[in-house]
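> 3D model of this:
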Amino acid sequence: MKKLFLSAVLALAGLCMGAAHAQAQRSGDIELTNIAEMEVSVKTPDGKVEKKRQAVEKAIPGSEIIYTTTFRNVGKRVANSISIVNPVPANTTLVGGSSYGEQTEIAFSADGGKTWASADKVKVAGADGKQRPAGISEFTHIRWNYKGELAPGKQGAVGFRVTVN
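Here you go, the predicted structure:
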C-alpha cells in the first residue's frame, strides 16, 4: 500500500511539473523543460562523499525533491515579459526559501494562482473568515517573472524544493 501511495505521489508530481507554463509577450518562442531530482550522497573513488543530483525514482515521506524548469528562447527574436508558473505538487510542502531564479521576481499563491504576493505577504481566509498570513504548507503555486530580455538561443532556469508529505 505504501509503495502504491508513493508511486501516486511521484505520478502526481510529474503531472504537476508538466503543468508548468510560460508566457512571453511581444516576440520569441519559449521552450520549457521540467525535471524532478533528488540529492544523493555518492562516495568518490578517493573516498570523499559528494552530493549529486539524480532523477527521482522513488520518494518516501520526508524526501526532498528539487524541481527545475529551464526556459529557452527558440524563436528568432528577443523575448521579454516572460512569466513561468509552477504548481506546488500535491502531497508535498514547499521548502521555505528554496525558490530561485536569476533575474526573476518570485511570487506565491495560496489560492490556485488567483492572487500573488511575496512569500511573507500571502494571505488566506481563517476559520473566522478574516484574512491571515498563509503557512508555507498552504502555498499552491509559484510564479517567476523574468526581468529583461532573453535573446534567441539563450536560456535560464528557475526552481524550488518540496518535501514529500
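
> Tell me how far Gly113 lies from Gly96.
19 Å (Cβ to Cβ, to the nearest Å). Just so you know, the C-beta spots here come from the backbone N, C-alpha and C atoms, and that holds for glycine as well.

> Just want to know which of these two has more residues nearby.
Gly113 (14 against 11; other Cβ atoms under 10 Å).

> now the more buried one: how far from Val42?
Gly113 sits 37 Å away from Val42, taking Cβ to Cβ as the criterion.

> beta partners for Arg143?
Val85, Ala107 (DSSP bridges).

> Tell me who's in contact with Ala157.
Applying Cβ atoms under 8 Å, 6 or more residues apart in numbering, we find Ala157 in contact with 68-71, 101-102.

> Of the residues you listed, which belong to strands?
Judged by DSSP state E, the subset of the contacts of Ala157 located in strands is 68-71, 101.

> which among those end up buried?
68-69, 71, 101 (16 or more other Cβ atoms under 10 Å).

> For the lengthiest strand in the chain, buried residues please.
Criterion DSSP E: the longest strand present in the chain is strand 30-43. Neighbour-count burial for strand 30-43, counted by 16+ other Cβ under 10 Å, picks out 30, 34, 36-38.

> Just give me the closest of the residues you listed to Gln155.
Ile30 (9.4 Å; Cβ to Cβ).

> what about the residue lying farthest from the centre of the chain, which helix or strand?
What lies farthest from the middle of the chain is Asp46; by Cα atoms, centre = their mean that is 34.7 Å. Remark: Asp46 resides in no helix or strand, with elements defined by DSSP states H and E.

> mind pulling up the phi and psi values for it?
Main-chain torsions, Asp46, degrees, to the nearest 10: phi -90, psi 10.

> circling back: possible to save the ones in strands among the contacts of Ala157 as JSON lines with pLDDT?
Putting the ones in strands among the contacts of Ala157 into JSON lines (pLDDT from 0 to 100) gives the following:
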{"residue": "Thr68", "pLDDT": "97"}
{"residue": "Thr69", "pLDDT": "96"}
{"residue": "Thr70", "pLDDT": "96"}
{"residue": "Phe71", "pLDDT": "96"}
{"residue": "Gly101", "pLDDT": "97"}
